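In: Have a look at this prediction, sequence included:
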There are 2 protein chains.
Amino acid sequence: MPAAMTRIAICAPSTPFTRDDAARVEALAAAEFPQLDLAFHDQCFQVDGHFAGSDERRLSVFVDCANDPAFHAVWFVRGGYGANRIAQDAMHHLNAHAATKSYLGYSDGGIMLAALYRAGIGQPVHAPMPTDIRRGGGEAAVRRTLAWLAGDCGGQEPSLDDQTPTVAFNLMTLAMLVGTALMPDLSGHVVMVEEVAEHLYAVDRLLFHVTAHLAAVGIAGLRLGRVSDVPENDRPFGSEPLAMVQHWCARTGIPYLGPADIGHDIDNKIVPFGLA
Amino acid sequence: MPAAMTRIAICAPSTPFTRDDAARVEALAAAEFPQLDLAFHDQCFQVDGHFAGSDERRLSVFVDCANDPAFHAVWFVRGGYGANRIAQDAMHHLNAHAATKSYLGYSDGGIMLAALYRAGIGQPVHAPMPTDIRRGGGEAAVRRTLAWLAGDCGGQEPSLDDQTPTVAFNLMTLAMLVGTALMPDLSGHVVMVEEVAEHLYAVDRLLFHVTAHLAAVGIAGLRLGRVSDVPENDRPFGSEPLAMVQHWCARTGIPYLGPADIGHDIDNKIVPFGLA
């Protein structure tokens, strides 16, 4: 292997992937990014009920990938649910090699990003995951992360500047993080949120909860990403996500800063946690 | 009206009810509890998108009912979603008459119960609501609350004692309350939780969040009510609610105290907040 190769460990802190979809991602990377070497860990394909293996298995594989000096980055294969069952323990097992890596993912993977950011370990990055290959046109999303790993920052969220530290989260994921031992200190940060497949009343409820917590720590402001695949309710909610976020920002004194180009879709942009 | 009549104001802090179902509840009360006088406020039937009237309307009607010396109790007609948009403002407008009343409901109504309990106003009570008349056999649930209002405590949750203050919440409702300005101090309390219509992975996620917060305040222990109407997922979760709550209690050091006889069903028992 030439010295210039960037080796990327891919593991599943939450739910399992399939070998067929992994092969598609490998083929895309091989064709377009020969300087990247993707290593899908077998654990990505393990199934234990909802999860990609037991808590112990997902924990040990993540720690192995993070601590291995042969890898430059750890990419979460997919979200779903489950990272909160291992994230806190994982932080206690990371070594000096783990601190040199980037960690990439979103959705439930945001739990790992949050825990790493709180612990000050490595570079957490909100970014498309291998699972995005499953979307129509999903190659564009996967390619965005691969390009970033190859040194091209063109896929970063356009509102990022080098003045204000920024993070990006799925709204439900952030709602479950606030007030827990996994939550980083976001004072002074721009916080971007996006949501998928939640009823509008649930989005409003989550915004109530999240703004109450974020106002208490004094964030720089909130940006709203896309709220997509909203299920139909028995009646219209009567308000759209933009109005909701403006309502709760006004109620809690958080500046609303405008849209964020993130979401559960192929246009989801890259947000390195902290200063870009 | 004879002096012995107990007058009950019924209003809708969250979502609307129908006049037909209200008539069924009135007929049941008239036939079996002549000492109770139910007053369904017109606002129960108002519709504004998702809500039973605008925030301003729901707020002012709740405050009017609570502050009116003619009423002995305020009964929430239905949950759904929306009480969190008015609860904090409402507390600032309650008078001395509001402090003499019982407030009954559950589900999203738990938001109002929490805010009242935090403010030390009146007697919040987890109890079936008029909307339970819609369930098969729902008369039994409605009758339980009517009997309690008429002075019969036989419908109270059987594990209650006069030693340990207790509260009961829908799990999602409690998850949205923790860490906000509506959350009462539950140190030393038994906390009962129940859930409906959430995927098992979501229940596990909510338990992670709630136990993290409750462990920090030092509750006496957790009791698990029923987790009902769980939607089918694309694969089995691999763990049942009892195992989940035991897992998170063990992780956070909260004593798990056993089942609670509460839930979104006709057997839902009554839990007066505090000491029974």
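Out: Yep, that arrived.

In: what does the stretch 1-150 of chain A put close to chain B?
Out: Residues of the stretch 1-150 of chain A lying close to chain B by C-beta under 8 Å from any C-beta of the partner chain are A:47-51, A:80-82, A:84-85. Placement of C-beta: from N, CA and C, glycine included.

In: likewise the stretch 151-276 of chain A?
Out: A:172, A:175-176, A:178-181, A:200-202, A:204-206, A:208-209, A:212-213, A:216, A:233, A:235-239.

In: List buried members of those residues by neighbour count.
Out: A:172, A:175-176, A:178-180, A:200-202, A:204-206, A:208-209, A:212-213, A:237, A:239 (16 or more other C-beta atoms under 10 Å in any protein chain shown).

In: residues contacting the nearest residue to residue A:134 once chain neighbours are set aside?
Out: Nearest residue to residue A:134, sequence neighbours excluded (C-beta to C-beta, 6 or more residues apart in numbering or on different chains): residue A:21, at 6.2 Å. Applying C-beta atoms under 8 Å, 6 or more residues apart in numbering or on different chains to residue A:21 gives the contacts A:130-131, A:133-134.

In: Turn these into TSV, columns for secondary structure.
Out: What follows is the contacts of residue A:21, written out as TSV (DSSP: H, G, I helix; E, B strand; the rest coil):
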residue	secondary structure
A:130	helix
A:131	helix
A:133	helix
A:134	helix
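
In: Closest one of these to residue A:70?
Out: residue A:130 (19.4 Å; C-beta to C-beta).

In: That closest one contacts residue A:10, doesn't it?
Out: Yes. Using C-beta atoms under 8 Å, residue A:130 makes contact with residue A:10 at a distance of 6.3 Å.

In: Between the two, which is the more surrounded one?
Out: residue A:130 (29 against 26; other C-beta atoms under 10 Å in any protein chain shown).

In: Now the element after the helix or strand that the residue nearest to residue A:134 is a member of, going C-ward?
Out: Taking DSSP states H and E as the criterion, residue A:21 maps to helix A:19-32. Next in sequence after helix A:19-32, counting helices and strands by DSSP H and E, comes strand A:36-40.

In: which ones are touching the residue in the stretch 1-150 of chain A that chain B sits nearest to?
Out: As assessed by C-beta to the nearest C-beta, chain B sits closest to residue A:49 within the stretch 1-150 of chain A, at 1.8 Å. Residues counted as contacts of residue A:49 (C-beta under 8 Å, 6+ apart) are B:235-239.

In: That one and residue B:204: what is the separation?
Out: Note on residue A:49: its distance to residue B:204, by C-beta to C-beta, to the nearest Å, is 11 Å.

In: Now the common contact residues for those two.
Out: B:237, B:239.

In: Just the buried residues of the residues of the stretch 1-150 of chain A next to chain B.
Out: In the residues of the stretch 1-150 of chain A next to chain B, the ones that pass as buried (16+ other C-beta under 10 Å) are A:50-51, A:80-82, A:84-85.

In: Tell me the one of the residues you listed nearest residue B:124?
Out: residue A:84 (30.6 Å).

In: For the closest one, list the residues it contacts.
Out: A:108, A:111, A:176, A:182, B:205, B:208.

In: one more time with 7 Å, if that's ok
Out: A:111, A:176, A:182, B:205, B:208 (C-beta atoms under 7 Å, 6 or more residues apart in numbering or on different chains).

In: Check residue A:183 too.
Out: Here residue A:183 is in contact with A:114, A:118, A:177 (C-beta under 7 Å, 6+ apart).

In: out of those residues, which are buried?
Out: A:114, A:118, A:177.

In: Distance to residue B:42 added to those residues, as a markdown table?
Out: Shown next, in a markdown table, are the buried ones among the contacts of residue A:183 (distance: C-beta to C-beta, whole Å):
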| residue | distance to residue B:42 |
| --- | --- |
| A:114 | 47 |
| A:118 | 50 |
| A:177 | 42 |
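
In: These in helices, which ones?
Out: A:114, A:118, A:177 (DSSP state H).

In: send the alpha carbons of stretch A:108-122 over as CSV?
Out: Extracted C-alpha coordinates of stretch A:108-122, given in CSV (Å, rounded to 0.1, in the frame of the first residue of the first chain):
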residue,chain,number,x,y,z
ASP,A,108,-28.0,8.1,15.5
GLY,A,109,-24.3,8.4,14.8
GLY,A,110,-24.6,11.9,16.2
ILE,A,111,-24.5,10.2,19.7
MET,A,112,-20.9,9.1,19.0
LEU,A,113,-20.0,12.5,17.6
ALA,A,114,-21.4,14.2,20.7
ALA,A,115,-19.6,11.9,23.1
LEU,A,116,-16.3,12.3,21.2
TYR,A,117,-16.7,16.1,21.1
ARG,A,118,-17.5,16.2,24.8
ALA,A,119,-14.4,14.1,25.5
GLY,A,120,-12.2,16.2,23.2
ILE,A,121,-11.2,13.2,21.2
GLY,A,122,-10.4,13.5,17.5
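
In: can you pull the buried residues of that stretch?
Out: Here stretch A:108-122 shows A:108-119, A:121-122 as buried, counting by 16+ other C-beta under 10 Å.

In: can you put the residues you listed in JSON lines and add pLDDT?
Out: Formatted as JSON lines, these follow (pLDDT from 0 to 100):
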{"residue": "A:108", "pLDDT": "98"}
{"residue": "A:109", "pLDDT": "98"}
{"residue": "A:110", "pLDDT": "98"}
{"residue": "A:111", "pLDDT": "98"}
{"residue": "A:112", "pLDDT": "98"}
{"residue": "A:113", "pLDDT": "98"}
{"residue": "A:114", "pLDDT": "98"}
{"residue": "A:115", "pLDDT": "98"}
{"residue": "A:116", "pLDDT": "98"}
{"residue": "A:117", "pLDDT": "98"}
{"residue": "A:118", "pLDDT": "98"}
{"residue": "A:119", "pLDDT": "98"}
{"residue": "A:121", "pLDDT": "98"}
{"residue": "A:122", "pLDDT": "98"}
